[in-house]
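Trainee: Next comes the sequence, and after it the predicted model I'd like to discuss.
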Amino acid sequence: MAPVKVAGPVFAALSIAVLSYLLCNSRSRKTHKPISKKKPRRGLIEAIGNTPLIRINSLSEATGCEILGKAEFLNPGGSVKDRVAVKIIEEALESGQLAPGGVVTEGSAGSTAISLATVAPAYGCKCHVVIPDDVAIEKSQILEALGATVERVRPVSITHKDHYVNVARRRALEANEFASKHGKYIGMDADGLVQANGHISEEEKQNSVFSSNCKGGFFADQFENLANFRAHYEGTGPEIWEQTGGDLHAFVAAAGTGGTLAGVSRSLQEKSPNIKCFLIDPPGSGLFNKITRGVMYTREEAEGRRLKNPFDTITEGIGINRLTQNFLMAELDGAFRGTDMEAVEMSRYLLKNDGLFVGSSSAMNCVGAVRVAQSIGPGHTIVTILCDSGMRHLSKFYDSQYLSQHGLTPTATGLEFLGIS
């Protein structure tokens, strides 16, 4: 029987295999570049800012516009206010108004207070927060867990001496008086309370936030302190410009202190006057009227003279009935009015369609983004702010029983609540 000749085919197969190996190995050497080592951010403060800008797919597809959200809920303290807290404290330390070991006081509906309580320890400071007692309870629980002293007061007009902002201002003065009065005493007990000749007064026991290492107080004053505006003018605005490559047509956001809206709008419009900037305003706020009609209130009301809580909205941290120094820095082209129902429906729509679990102000901002898209038409890029997540809004904004009591049970299956079928 003649032997089978296989030398030719075997050689050919081996040659192809060797050639393939060499080619793959060559490609592997070319494509596998050394992994570049990214420099870690040093500490909590450097981790704040440079948040991603994400496309909100459902809203973009529904409107024909590119709707982008600045994911500020990814900051270490969970909100856009981290930027403000850092800027306020750093400027106060640089100016000498605040010393390490001092107490930062603030009147806040929640997010700014949480951010201040988060970053203050990084500067060797403490935090005393005055908060309206109708704010979601989880916010005060977070503050206490962060080590801040929390003082809850009833909601009243800013003209009232016991408005939470005015109380916070007083607490800073009291901290300064305490430090001035007791600074010469060096004795202290196991809890760090100052002792005057070995005695701790009842007042000192009750005001333990002003301990022996307190170097006085500083009122953050987020509403009027222009460090708020500068945080966004120098940070958030330029980041949005860079992340969009300057290819954006509109920016929209609600306003509480006005710092975000003012800082971002002025920053963007200085880079391109063609970028339109808008306010979205919740129920009970006078800013929409001020922008669109030039007056804050009806004829029956004198501006800044309301004697009871003026707000009638489920949203928190936005809406106001006075013009703050921060808001006055804004460059606006118009305003839209949003409703509580729209904000509630939007939050559920985003969760269902995009997996975005956002807070009440973020939901209102997205309502504003859709309103802008409907106003300027398809083919434009619109940016808004996703201020914080829904984790701080569980007891009200995401509580079905609370919503039912206020006639705000969501029922929409799509965006029909904004006129989009």
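Mentor: Here it is on my side, so go on.

Trainee: Return the set of buried residues in the helix or strand that contains residue 278.
Mentor: Element membership of residue 278 [criterion: DSSP states H and E] is strand 276-281. Going by neighbour count (16 or more other CB atoms under 10 Å), the buried part of strand 276-281 is 276, 277, 278, 279, 280, 281. The way it works is simple: take the backbone N, C-alpha and C, and place the C-beta from them, glycine included.

Trainee: so where is the stretch 301-421 of the chain shaky, pLDDT-wise?
Mentor: 301-311 (pLDDT under 70).

Trainee: Show me the helices in it, by range?
Mentor: 340-354, 360-376, 400-405 (DSSP state H, counting those that start in this stretch).

Trainee: got a list of contacts for stretch 392-400?
Mentor: Residues outside stretch 392-400 that contact it (CB atoms under 8 Å, 6 or more residues apart in numbering): 78, 110-111, 114, 136-139, 142, 314-316, 344, 347, 359-360, 390, 402-403, 409.

Trainee: Show the contacting residues for residue 43.
Mentor: By CB under 8 Å, 6+ apart, the neighbours of residue 43 are residue 122.

Trainee: Could you report the neighbour count for residue 55?
Mentor: 14 (other CB atoms under 10 Å).

Trainee: Residue 162 versus the nearest residue to it once chain neighbours are set aside, what's the distance?
Mentor: In this structure, residue 55 finds its nearest non-sequential neighbour in residue 68, 5.7 Å apart by CB to CB, 6 or more residues apart in numbering. Note on residue 68: its distance to residue 162, by CB to CB, to the nearest Å, is 41 Å.

Trainee: between the helices of the stretch 301-421 of the chain, which one is nearest to residue 220?
Mentor: Each of the helices of the stretch 301-421 of the chain was scored for nearness to residue 220 using CB to CB, and the closest is helix 360-376 (19.2 Å).

Trainee: tell me which strands and helices that closest one is in contact with?
Mentor: On a contact count with 3 or more CB pairs under 8 Å, 6 or more residues apart in numbering; DSSP states H and E, helix 360-376 meets helix 57-63, strand 66-71, strand 250-253, strand 276-281, strand 334-337, helix 340-354, strand 381-386.

Trainee: shaky segments in the stretch 151-300 of the chain?
Mentor: Ranges of the stretch 151-300 of the chain meeting pLDDT under 70: 183-213, 298-300.

Trainee: can you pull out the helices in it?
Mentor: Using DSSP H, counting those that start in this stretch, helices in the stretch 151-300 of the chain cover 164-182, 202-206, 227-231, 237-244, 259-271, 287-293.

Trainee: Now render the buried residues of strand 276-281 as JSON lines, adding distance to residue 180.
Mentor: Formatted as JSON lines, those follow (distance: CB to CB, whole Å):
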{"residue": "276", "distance to residue 180": "51"}
{"residue": "277", "distance to residue 180": "45"}
{"residue": "278", "distance to residue 180": "47"}
{"residue": "279", "distance to residue 180": "43"}
{"residue": "280", "distance to residue 180": "45"}
{"residue": "281", "distance to residue 180": "43"}
